[in-house]
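In: whatever this is, show me its structure:
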Amino acid sequence: MKLKQAALFGIGFGAPLVGAAGSEADWGIRFGAAVVTGLLAVALVPLYLLCKYKPEERRLRIGSAGMSTTIGDLSGDVSWNDVSEIADAADCIYIVGTSGNAMRVPNDAFASESERAEFLELARGWWIDAGSS
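Out: Below is the predicted model of the structure:
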């Protein structure tokens with residue numbers, strides 16, 4: 001869940017508290033409850049991300065059709081059409097999905113700089129080819 005989604009979630013639950021029927025004296029209480037609800041939604045995002053984190057080693061394979069990943073007993077496939085960006089950072093390569101999820105491939109996942117460069121070139125090539133087909 002992204003921060004923007006959490007904020008909208010909080011507003012969605014908090015807004016009815018503000019707009020609920022009642023006397024004007026209750027307005028401050030309802031507004032305060034709405035603010036607290038919104039802040040809780042935003043504050044709980046890191047907890048959600050912590051619960052979703054998978055510390056096990058991830059295996060990644062790429063090919064012309066996309067990539068497949070395995071973490072413990074879980075596995076999944078992602079088509080290059082479902083990738084929105086492949087970013088080259090100093091310490092890693094980010095593969096960002098159209099859903100907003102991202103995979104970080106650290107530099108130490110590669111045996112050498114040339115292997116990293118080859119991975120990046122192949123991934124970007126297949127990704128670009130998928131976008132033009």
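
In: what segments of this protein are strands?
Out: Using DSSP state E, the strands of the chain run over residues 58-63, 66-71, 74-79, 83-88, 92-97, 102-106.

In: I'd like these laid out as TSV, including mean neighbour count, mean pLDDT and distance to Pro46.
Out: (C-beta placed from N, C-alpha, C; glycine too.) Converted to TSV, the strands of the chain look like this (neighbours: other CB atoms under 10 Å; pLDDT from 0 to 100; distance: least, CB to CB, whole Å):
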stretch	mean neighbour count	mean pLDDT	distance to Pro46
strand 58-63	14	92	21
strand 66-71	16	93	21
strand 74-79	12	92	22
strand 83-88	15	96	23
strand 92-97	17	96	20
strand 102-106	15	92	16
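
In: export those to JSON lines and tack on distance to Leu40?
Out: Output for these, formatted as JSON lines (distance: least, CB to CB, whole Å):
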{"stretch": "strand 58-63", "distance to Leu40": "31"}
{"stretch": "strand 66-71", "distance to Leu40": "30"}
{"stretch": "strand 74-79", "distance to Leu40": "30"}
{"stretch": "strand 83-88", "distance to Leu40": "30"}
{"stretch": "strand 92-97", "distance to Leu40": "28"}
{"stretch": "strand 102-106", "distance to Leu40": "25"}
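
In: show me the one of those strands that comes nearest Gly38.
Out: Nearest of the strands of the chain to Gly38, taken as CB to CB: strand 102-106 at 25.6 Å.

In: gap between the closest residue to Ser79 other than its chain neighbours and Asp26?
Out: Here the nearest residue to Ser79 in space, its sequence neighbours aside, is Gly66; by CB to CB, 6 or more residues apart in numbering that works out to 4.2 Å. Here the criterion is CB to CB, to the nearest Å. By it, Gly66 lies 54 Å from Asp26.
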